[in-house]
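Undergrad: Mind looking at a prediction? Sequence and model below.
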Amino acid sequence: MKKIKIFTLILILSSRVHALSPYSALYDLYADTNMGNFKIGIAEFSLETDDENYIYTSQASTKSMWSALYKFSRYEQSIGINSYNELVSKKYMVTEILGDNDKKNITIDFFPEKNYATYNNNEKWKISPGNLVDELSVYLALSQDVKNNLDAKEFIYQVGSEEKVKFQTFNINGKGKITIGDEIIDTILVNCPELNLTLNLSENHNYLPVLIEKINKKNNFRIVLNSIEFKT
């Protein structure tokens, strides 16, 4: 009887060790413009979580001095559950403003138990059983899975994006060092060609991205961690 209790306690403690941890981080936002690549603003990431539920948000915007030439803001929120170290997205919201005319408001609700998702409470998309994340919570899924499977060469997730829900492959491309300020950071390189996404995950930052490069249609963004502002 005592052995069973001890084994159960070990399982509980190990699940907590690998559970998501709340954090907030500030990033510098760079963009390719007609005049070159410039730091145009900031991006903030924040994770709130308990034992099972999470709310993950990101907010990026240009500084006022850039707004006349390159007006951009984007707010994302992902709401879901973390069940046995597997993330399941329940809702994904995006609000984006690019220039004065290009605006979008998107809400995707996921119903994995019924194998479908709804787009803006209107269009219905079919989804399959398996890991279900969105374009934001996939950062958390990678952080968790890379930490628990350091020898893996790839991870496959069903990713809900602004246009579809589809299985995507994230390739582990070895290790590399990057310099942020005066700090040299050892990172694991990850890329997803179909999403035009490249990430540098840092062990010292709980395998969360310290560098994100994303091509969004005609816009090429680069988000670099301001390590001083990383708080857990």
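TA: On my side now, so go ahead.
Undergrad: ranges for the helices of the chain?
TA: For the chain, the helices defined by DSSP state H occupy 2-17, 138-148.
Undergrad: Any idea which of those helices has the lowest pLDDT on average?
TA: The weakest mean pLDDT among the helices of the chain belongs to helix 2-17, with a mean of 36.
Undergrad: most centrally placed residue in the chain?
TA: Geometric centre of the chain, nearest residue: Y139, 2.9 Å, by C-alpha atoms, centre = their mean.
Undergrad: Which residues are in contact with that one?
TA: Going by C-beta atoms under 8 Å, 6 or more residues apart in numbering, Y139 touches Y56, L199, L208, P209. C-beta here means a position set from N, CA and C on the backbone, and glycine is covered the same way.
Undergrad: Recalculate using a threshold of 7 Å.
TA: L208, P209 (C-beta atoms under 7 Å, 6 or more residues apart in numbering).
Undergrad: what stretches of the chain score poorly on pLDDT?
TA: Applying pLDDT under 70 to the chain flags residues 1-19, 33-36, 64-70, 217-219, 227-232.
Undergrad: same thing but 50
TA: Residue ranges of the chain with pLDDT under 50: 1-18.
Undergrad: re the thing from before, I'd like to know how far the residue nearest to the centre of the chain sits from D100.
TA: Noted for Y139: a distance of 30 Å to D100, by C-beta to C-beta, to the nearest Å.
Undergrad: thinking again about what came up before, how far away is the residue nearest to the centre of the chain from N37?
TA: Applying C-beta to C-beta, one obtains 23 Å for the distance of Y139 from N37.
Undergrad: Y84 too?
TA: Here Y84 is placed at a distance of 42 Å from N37 (C-beta to C-beta).
Undergrad: So for the two, which sits in the more crowded spot?
TA: N37 (11 against 7; other C-beta atoms under 10 Å).
Undergrad: List the beta-bridge partners for that one.
TA: Going by DSSP bridges, N37 is paired in beta bridges with D32.
Undergrad: Pretty sure it sits against Y30.
TA: Yes. Applying C-beta atoms under 7 Å, one finds N37 in contact with Y30, separated by 5.7 Å.
Undergrad: tell me the contacts of K214?
TA: Neighbours of K214 in contact, by C-beta under 7 Å, 6+ apart: N196, L197, F221.
Undergrad: In strands only, show me those.
TA: Judged by DSSP state E, these include L197, F221 as members of strands.
Undergrad: quick check, nearest of the contacts of K214 to F155?
TA: The shortest gap between F155 and any of those belongs to L197, at 12.8 Å (C-beta to C-beta).
Undergrad: With adjacent residues omitted, what lies nearest to the closest one?
TA: Leaving aside its sequence neighbours, L197 sits nearest to K214 (C-beta to C-beta, 6 or more residues apart in numbering; 5.4 Å).
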